[in-house]
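Chemist: Below is the sequence, then the predicted model.
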Amino acid sequence: MADEIDLELVRSGAKDLSRTDLRNADLTGRDLSGADFSGTKLDRIRAKDANLSGANLSSASIVGADFCNADLSGVVFPAVMVAVKLNNSNLRNAKIGFRGSRVDFSSANISGADFIGGIFGEDIKFDNVTYDEQTRFDNVEILRSTSRYPVFSRYNYSGGKLVRKDGATAAAAPSEKESSEDKEDDLRSDSSPDANTSNRKGNSGDLARTIEIRLAEAPKGVALMAAMLSAAVREELEEMQSSRPNRPDDLARFEGLTNFLEELAKSLDR
């Protein structure tokens, strides 16, 4: 549930709402234009008809949220979104390069919106959207079933990604191959005799390092799955709080489990 003090900040018209807890809050029709929601928990909020134009949602947690008919023009969205309704919303010039699934943009205005570099999982809907030449989907990884929408008519579907037919490309970060090769070089240097001697007592650190490298080598789909699993874990944690036990033994086990799940979610985020 939303923190009452944080809700009072919203009611007061404060623009700095970063790192607040607004889960399950009803923000219907509110003027939140230009507000800073970076790092804020916005899971399962209701923000129909709200004005969030120019708001900063980067690094916010958005799972199961409803932004139908909202003004989200110029908004910077977070890197991960799951089960979000954006039907009929105004997303002009928004930055929406997200990874996620079950996001509905049906009948939204996405003119000038930037989806560059996103990863679209299952059930991303673009029915009847309004778009223009400035709407960009360069290098978006997408399921073939999703690529059928007319909004993608200016793109070729190649290797699971969207590539503009006119040959224009968006600025890209170093390739995954280059990044993984750099990491492999680091690993080889760490595997020298001296390094092995000095690291024998740090096997857990070595394992974490190896996992990092393997993940870097894997497809971006791994990052999407990790983000979605993290969101599911956090949702389960929220539900568990309603059945918190009172008996000392049960409470100790409950807290042990919740601590484990919280650490798991943090690890998945990383």
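Modeler: Arrived safely, thanks for sending.
Chemist: so where's the longest helix in this protein?
Modeler: helix 248-269 (DSSP state H).
Chemist: Go through that helix and flag the buried ones.
Modeler: 254, 265, 268 (16 or more other C-beta atoms under 10 Å). Where you see a C-beta, it was placed from the backbone N, CA and C, and this is true even at glycine.
Chemist: residue boundaries of the strands in the stretch 151-270 of the chain?
Modeler: Using DSSP state E, counting those that start in this stretch, the strands found in the stretch 151-270 of the chain span residues 155-158, 161-164.
Chemist: Same check on the stretch 1-150 of the chain?
Modeler: Using DSSP E, counting those that start in this stretch, strands in the stretch 1-150 of the chain cover 62-63, 80-85, 99-104, 119-120, 141-142.
Chemist: List the contacts of the second one.
Modeler: When contacts are defined by C-beta atoms under 8 Å, 6 or more residues apart in numbering, strand 80-85 is touched by residues 62-68, 98-104, 227-228, 230-231.
Chemist: just the buried members of those?
Modeler: Those of those that meet the buried threshold are 62-68, 98-104, 227-228, 230-231, by 16+ other C-beta under 10 Å.
Chemist: Tell me where the model's unsure across the stretch 51-200 of the chain.
Modeler: Applying pLDDT under 70 to the stretch 51-200 of the chain flags residues 167-200.
Chemist: now with 80?
Modeler: 122, 143-147, 166-200 (pLDDT under 80).
Chemist: can you tell me which residues contact L229?
Modeler: Shown in contact with L229 (C-beta under 8 Å, 6+ apart): L268.
Chemist: Helices along the stretch 1-150 of the chain, start to end?
Modeler: Using DSSP state H, counting those that start in this stretch, the helices of the stretch 1-150 of the chain run over 4-12.
Chemist: Which among the strands of the stretch 1-150 of the chain is found nearest to G29?
Modeler: G29 sits nearest to strand 80-85 of all the strands of the stretch 1-150 of the chain, at 15.8 Å, using C-beta to C-beta.
Chemist: in that closest one, what's buried?
Modeler: Going by 16+ other C-beta under 10 Å, strand 80-85 has these buried residues: 80-85.
Chemist: how about those in TSV, adding distance to S243?
Modeler: Shown next, in TSV, are the buried residues of strand 80-85 (distance: C-beta to C-beta, whole Å):
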residue	distance to S243
V80	27
M81	28
V82	23
A83	22
V84	27
K85	28
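Chemist: pretty sure D26 contacts R44?
Modeler: No - checked against C-beta atoms under 8 Å, the pair D26 and R44 is beyond contact range at 10.4 Å.
Chemist: so L7 sits right up against R23, yeah?
Modeler: No - in this structure, L7 is not within contact of R23 by C-beta under 8 Å, at 10.6 Å.
Chemist: neighbour-wise, which of those two wins?
Modeler: Between L7 and R23, counted using other C-beta atoms under 10 Å, R23 has the larger neighbour count: 22 against 17.
Chemist: for that one, phi and psi?
Modeler: phi -60, psi 130 (degrees, to the nearest 10).
Chemist: Next: the one 5 residues further on.
Modeler: Its backbone dihedrals place T28 at phi -50, psi 130, with angles given as degrees, to the nearest 10.
Chemist: since we're on it, how many residues are nearby?
Modeler: 15.
Chemist: re the thing from before, include distance to V129 when you put the strands of the stretch 1-150 of the chain into CSV, please.
Modeler: Formatted as CSV, the strands of the stretch 1-150 of the chain follow (distance: least, C-beta to C-beta, whole Å):
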stretch, distance to V129
strand 62-63, 19
strand 80-85, 14
strand 99-104, 10
strand 119-120, 14
strand 141-142, 15
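Chemist: who's in contact with the closest residue to A108 other than its chain neighbours?
Modeler: Computed as C-beta to C-beta, 6 or more residues apart in numbering, the closest residue to A108 that is not its neighbour in sequence is S89, at 4.8 Å. Counting by C-beta under 8 Å, 6+ apart, S89 touches 67-72, 105, 108-109.
Chemist: Would you map out the domains in this structure?
Modeler: 1-172, 176-269 (automatic domain parsing).
Chemist: most tightly surrounded among these?
Modeler: Most buried of the domains of the chain, by mean neighbour count (mean count of other C-beta atoms under 10 Å): domain 1-172, with a mean of 19.
Chemist: Cheers, nothing more for now.
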